[in-house]
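Engineer: What follows is a protein structure lacking sequence information:
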């Protein structure tokens with residue numbers, strides 16, 4: 001027994017399920033229907049109707065292709081501009097002078113290819129930015145120029161490209177005219193500092209001539225809802241406002257197409273044949289007979305397509321994602337029915353669970369174990385390094401102190417003892433954070449050493465409320481501000497000076513004040529220092545200037561989750577006060 005026609009089997013196997021359903025409908029329903037009813041409709045309807053519909057479909061496809069092909073290149077230019085980071089940098093930057101902007105624009109224009117891409121004259125690009133430091137000209141303009149434009153109001157906060165047919169007046173035009181716009185918001189980056197809108201204007205006349213060329217034999221009406229956008233009847237209409245579709249117009253063919261999120265309708269009317277000119281009695285019989293024989297098969301085919309083709313297509317989409325690290329599962333709510341396709345979906349989910357478990361065990365867990373081993377080795381190596389150098393340093397300092405005592409140099413011995421205390425405290429603090437009480441011991445040792453240097457020129461007073469001594473703060477952070485008070489305040493002043501450290505609670509906050517009666521700083525330097533304190537980050541540390549105080553502020557911000565505030569008061573010749581306000585925490589010393 002023969003197994004059929006191999007070529008036919010091969011062709012059918014290459015088709016999608018939906019196309020197979022169409023074939024089933026055509027060969028098992030439509031063709032028998034035509035044969036059965038052909039005696040009635042053949043001479044009256046079939047040839048004329050098929051010919052007419054083919055012509056209308058061909059014209060509709062030509063119009064649809066002309067519109068899409070005419071918009072594709074401008075849309076691709078917009079997408080390229082949307083991805084261009086150099087335009088983002090040019091428009092986000094605030095320029096001090098118009099010359100600064102012009103120089104930046106000249107460099108951009110020299111390296112840009114967008115003007116050459118639009119060299120045919122059919123399109124023009126304008127980009128508007130909410131940046132008053134740029135100049136109007138070239139392809140860039142201030143956003144304030146278009147804030148009252150109707151197309152800008154319609155754009156709103158839309159994402160993606162928006163197509164608009166507008167009636168507007170160009171800067172170089174005397175009269176208003178029709179125009180086609182492709183507009184898009186450019187606010188795609190989180191670090192945008194200004195709003196930007198891009199507008200591409202397409203020449204309406206050239207676009208209409210391209211879409212509705214002489215090869216279109218039908219009357220064409222392109223509409224957006226009831227609004228008539230373009231037609232090949234009655235001239236170009238370039239200087240006329242858009243009108244509404246004539247409700248009494250009897251069209252022969254209609255086709256909807258979606259462009260950039262909006263549905264447009266193409267109406268076609270045959271110029272050579274009027275379907276409704278047929279005998280109305282025969283027409284009624286043909287329509288009734290056709291609908292009666294067609295309705296049930298169409299209904300059944302539609303449900304079969306929904307049951308089979310769509311579910312298989314859902315499986316196909318899932319299988320195409322199989323290259324990812326984790327297999328995607330089919331949502332249980334989308335698994336319906338009780339047939340072989342349902343069983344296939346359920347079994348796929350079971351397979352995905354098993355495969356994901358294997359991937360987790362064999363690949364992900366192994367990678368995490370390797371990372372953990374490396375981190376552990378690095379930590380152990382770092383701990384060994386940290387234990388070597390302090391041992392020799394403490395022995396050397398103790399030798400110097402003992403030698404000073406033997407020689408009767410009591411003051412030198414005390415200085416070495418304070419230095420050893422500071423160094424030992426620094427080494428023994430294993431955590432990144434310490435209590436305010438421990439930090440104050442370090443500050444007191446530091447100020448005693450500075451007292452040997454400055455003598456009577458330096459006096460200090462440390463006042464810490466008992467309720468604040470257990471509050472945590474980053475190690476060596478507060479001493480940084482005390483050091484600045486000594487070096488930049490007391491050292492620069494010939495008269496005696498004081499350093500005050502006051503720490504006290506304020507509701508659920510703790511206030512830290514470091515005050516010196518030194519030479520003070522002027523307002524400009526004060527603003528710069530306060531900016532660095534309030535905006536401390538890694539980038540400021542990389543500048544290499546004033547990194548000590550910036551480092552301390554950054555660590556305080558990280559410890560408190562950015563809930564710390566800084567203030568700086570200073571007067572030339574009077575002194576400087578640093579005020580730090582942070583949450584009143586009592587977590588102890590170990591906050592690593």
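Structural biologist: Perfect, thanks for sending it. Worth saying up front: this structure is predicted, and the values here are computed from it rather than measured.

Engineer: Only the buried residues of stretch 463-474, if you could.
Structural biologist: Neighbour-count burial for stretch 463-474 flags 464, 468, 470-474 (criterion: 16 or more other Cβ atoms under 10 Å). All C-beta atoms are positioned from the backbone trio N, CA, C, and that covers glycine.

Engineer: What average pLDDT does that stretch get?
Structural biologist: Summarised as a single mean, pLDDT over stretch 463-474 is 91.

Engineer: quick one: the strands in the stretch 451-592 of the chain?
Structural biologist: 458-464, 472-474, 497-506, 509-516, 565-571, 575-583 (DSSP state E, counting those that start in this stretch).

Engineer: low-confidence ranges in the stretch 251-400 of the chain?
Structural biologist: Residue ranges of the stretch 251-400 of the chain with pLDDT under 70: 272-283, 285-286, 296, 305-307, 309, 319-326, 332-334, 336-338, 359-400.

Engineer: 80 - rerun?
Structural biologist: Under the criterion pLDDT under 80, the flagged ranges of the stretch 251-400 of the chain are 271-400.

Engineer: sorry, back to before: looking at the strands of the stretch 451-592 of the chain, which is nearest to residue 110?
Structural biologist: Closest to residue 110 of those, according to Cβ to Cβ: strand 565-571, at 44.0 Å.

Engineer: mind listing what the closest one pairs with, with the direction of each?
Structural biologist: According to DSSP bridges, strand 565-571 forms sheet pairs with strand 575-583 (antiparallel).

Engineer: buried residues in the strand it pairs with?
Structural biologist: In strand 575-583, counting by 16+ other Cβ under 10 Å, buried: 575-578, 580-582.

Engineer: count of neighbours near the residue nearest to residue 480 when sequence neighbours are not counted?
Structural biologist: The spatial neighbour of residue 480 that comes closest, neighbours along the chain excluded (Cβ to Cβ, 6 or more residues apart in numbering), is residue 552 at 4.3 Å. A count of nearby residues for residue 552, using other Cβ atoms under 10 Å, gives 23.

Engineer: do you know how far residue 552 is from residue 481?
Structural biologist: 7 Å (Cβ to Cβ, to the nearest Å).

Engineer: which secondary element of the chain has the worst mean pLDDT?
Structural biologist: helix 365-406 (a mean of 52; mean pLDDT, DSSP states H and E).

Engineer: Which parts of the stretch 401-550 of the chain are helices?
Structural biologist: 410-428, 436-454, 478-484, 523-534, 538-541, 547-560 (DSSP state H, counting those that start in this stretch).

Engineer: same thing with the stretch 151-300 of the chain?
Structural biologist: Taking DSSP H, counting those that start in this stretch as the criterion, the stretch 151-300 of the chain carries its helices at 204-211, 280-304.

Engineer: Tell me which of those sits most buried.
Structural biologist: helix 204-211 (a mean of 18; mean count of other Cβ atoms under 10 Å).

Engineer: Which neighbouring elements make contact with that helix?
Structural biologist: helix 47-82, strand 177-185 (3 or more Cβ pairs under 8 Å, 6 or more residues apart in numbering; DSSP states H and E).

Engineer: Turn the ones you listed into TSV, including mean neighbour count, mean pLDDT and distance to residue 327.
Structural biologist: Shown next, in TSV, are the helices and strands packed on helix 204-211 (neighbours: other Cβ atoms under 10 Å; pLDDT from 0 to 100; distance: least, Cβ to Cβ, whole Å):
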stretch	mean neighbour count	mean pLDDT	distance to residue 327
helix 47-82	16	85	32
strand 177-185	21	88	36
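
Engineer: ok, for residue 197, nearest residue in space, not its chain neighbours?
Structural biologist: Computed as Cβ to Cβ, 6+ apart, the closest residue to residue 197 that is not its neighbour in sequence is residue 128, at 4.8 Å.

Engineer: What residues does that neighbour make contact with?
Structural biologist: Neighbour list for residue 128: 140-143, 145-146, 196-199 [criterion: Cβ atoms under 8 Å, 6 or more residues apart in numbering].

Engineer: My reading is that it is in a strand; is that accurate?
Structural biologist: Yes. The assignment for residue 128 is a strand, going by DSSP: H, G, I helix; E, B strand; the rest coil.

Engineer: measure it to residue 314 for me?
Structural biologist: 43 Å.

Engineer: So the residue nearest to residue 480 versus residue 473, what's the distance?
Structural biologist: Note on residue 552: its distance to residue 473, by Cβ to Cβ, is 9 Å.

Engineer: Provide a list of residues in contact with the closest residue to residue 437 other than its chain neighbours.
Structural biologist: Excluding the flanking residues, the one nearest residue 437 by Cβ to Cβ, 6+ apart is residue 469, at 3.7 Å. By Cβ under 8 Å, 6+ apart, the residues touching residue 469 are 435-437, 440.

Engineer: Save those as CSV, and put in neighbour count and distance to residue 525 too.
Structural biologist: Listed next are the contacts of residue 469 as CSV, based on neighbours: other Cβ atoms under 10 Å; distance: Cβ to Cβ, whole Å:
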residue, neighbour count, distance to residue 525
435, 21, 33
436, 21, 28
437, 15, 33
440, 21, 28
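
Engineer: Show me which of those is closest to residue 103.
Structural biologist: residue 436 (52.2 Å).

Engineer: Wait, that closest one touches residue 467, no?
Structural biologist: No. The pair residue 436 / residue 467 is not scored as a contact, 10.2 Å apart, by Cβ atoms under 8 Å.

Engineer: Make sure the residue nearest to residue 480 is actually in contact with residue 482.
Structural biologist: No. Between residue 552 and residue 482 there is no contact under Cβ under 8 Å: 10.7 Å.

Engineer: on that earlier part again, how about the contacts made by the residue nearest to residue 480?
Structural biologist: By Cβ under 8 Å, 6+ apart, the neighbours of residue 552 are 474, 476-478, 480-481.

Engineer: any idea how far residue 537 is from it?
Structural biologist: 13 Å.

Engineer: And residue 136, by the same measure?
Structural biologist: Counting by Cβ to Cβ - residue 136 and residue 537 are separated by 35 Å.

Engineer: Nearest to residue 284, out of the helices and strands packed on helix 204-211?
Structural biologist: Closest among the helices and strands packed on helix 204-211, using Cβ to Cβ: helix 47-82, at 15.2 Å.

Engineer: and the closest one, what does it pack onto?
Structural biologist: The contact analysis (3+ Cβ pairs under 8 Å, 6+ apart) places helix 47-82 against helix 114-117, strand 123-129, strand 177-185, strand 196-202, helix 204-211, strand 219-224, strand 253-259, strand 262-269.

Engineer: Same list as before, the buried residues of stretch 463-474 that is, but in CSV and with distance to residue 513 included.
Structural biologist: Below are the buried residues of stretch 463-474 laid out as CSV (distance: Cβ to Cβ, whole Å):
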residue, distance to residue 513
464, 11
468, 12
470, 19
471, 15
472, 19
473, 14
474, 18
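
Engineer: for those, which one is nearest residue 23?
Structural biologist: residue 474 (74.2 Å).

Engineer: what's the closest non-adjacent residue to that closest one?
Structural biologist: In space, residue 474 is closest to residue 555, 3.8 Å off (Cβ to Cβ, 6+ apart).

Engineer: Please name the residues that touch the one you found.
Structural biologist: By Cβ under 8 Å, 6+ apart, the residues touching residue 555 are 432, 474, 477.

Engineer: what pairs with the residue nearest to residue 580 when sequence neighbours are not counted across the strands?
Structural biologist: Leaving aside its sequence neighbours, residue 580 sits nearest to residue 512 (Cβ to Cβ, 6+ apart; 4.2 Å). Beta-bridge partners recorded for residue 512 (DSSP bridges): residue 503, residue 580.
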